[in-house]
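1. only geometry, no sequence info:
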């Protein structure tokens, strides 16, 4: 009986912790030295998991000063980057090796 009471008492707390810890999954693709989509809309206040697939044969580096992240993605490879939780706003990113074409923004709402 004590165990059931303890579970009932802790259930709301554990539920709120689990929902806060849940992350949102998003995918970016690099193709022809461009990020697709170039604008990624994500929710505020959540940890974000971005899977980046590079469909080009050459490597590219995901770079973002506003997110404080950089990661090289090998040609025909994938990488995962975690950010957040983020405040509402715009966070620019670009491809270090193809700055003229590989540009994007994460819009947090």
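-> Everything's here; your move. This one's a predicted model, so the numbers in the text were calculated from it and none came from an experiment. Numbers count the residues shown, from 1 in each chain.

2. so where is this protein shaky, pLDDT-wise?
-> The model of the chain has pLDDT under 70 over residues 1-22.

3. mind running it again at 90?
-> Within the chain, the segments meeting pLDDT under 90 span 1-23.

4. which stretches in it count as helices?
-> Remark: helices assigned in the chain by DSSP state H are 2-21.

5. what is the end-to-end distance of stretch 55-62?
-> 14 Å (CA to CA, to the nearest Å).

6. I meant stretch 79-97, not that one.
-> Stretch 79-97: ends 16 Å apart by CA to CA.

7. ok, now stretch 25-44?
-> 13 Å.

8. repeat that for stretch 27-37.
-> With CA to CA, one end of stretch 27-37 sits 9 Å from the other.

9. off-centre distance for that stretch?
-> Taking CA atoms, centre = their mean, to the nearest Å, the mean C-alpha location of stretch 27-37 is offset from the chain mean by 14 Å.

10. again, but for stretch 101-109
-> 11 Å.

11. check stretch 84-102 too.
-> 11 Å.

12. could you pull out the strands in this structure for me?
-> With DSSP state E as the criterion, the chain has strands at 23-31, 34-36, 39-42, 47-54, 60-64, 69-73, 78-83, 89-95, 103-108.

13. kindly reformat the ones you listed as JSON lines containing mean neighbour count.
-> Bear in mind the C-beta positions are built from the backbone N, C-alpha and C, glycine included. Below are these laid out as JSON lines (neighbours: other CB atoms under 10 Å):
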{"stretch": "strand 23-31", "mean neighbour count": "15"}
{"stretch": "strand 34-36", "mean neighbour count": "18"}
{"stretch": "strand 39-42", "mean neighbour count": "14"}
{"stretch": "strand 47-54", "mean neighbour count": "18"}
{"stretch": "strand 60-64", "mean neighbour count": "20"}
{"stretch": "strand 69-73", "mean neighbour count": "16"}
{"stretch": "strand 78-83", "mean neighbour count": "16"}
{"stretch": "strand 89-95", "mean neighbour count": "18"}
{"stretch": "strand 103-108", "mean neighbour count": "18"}
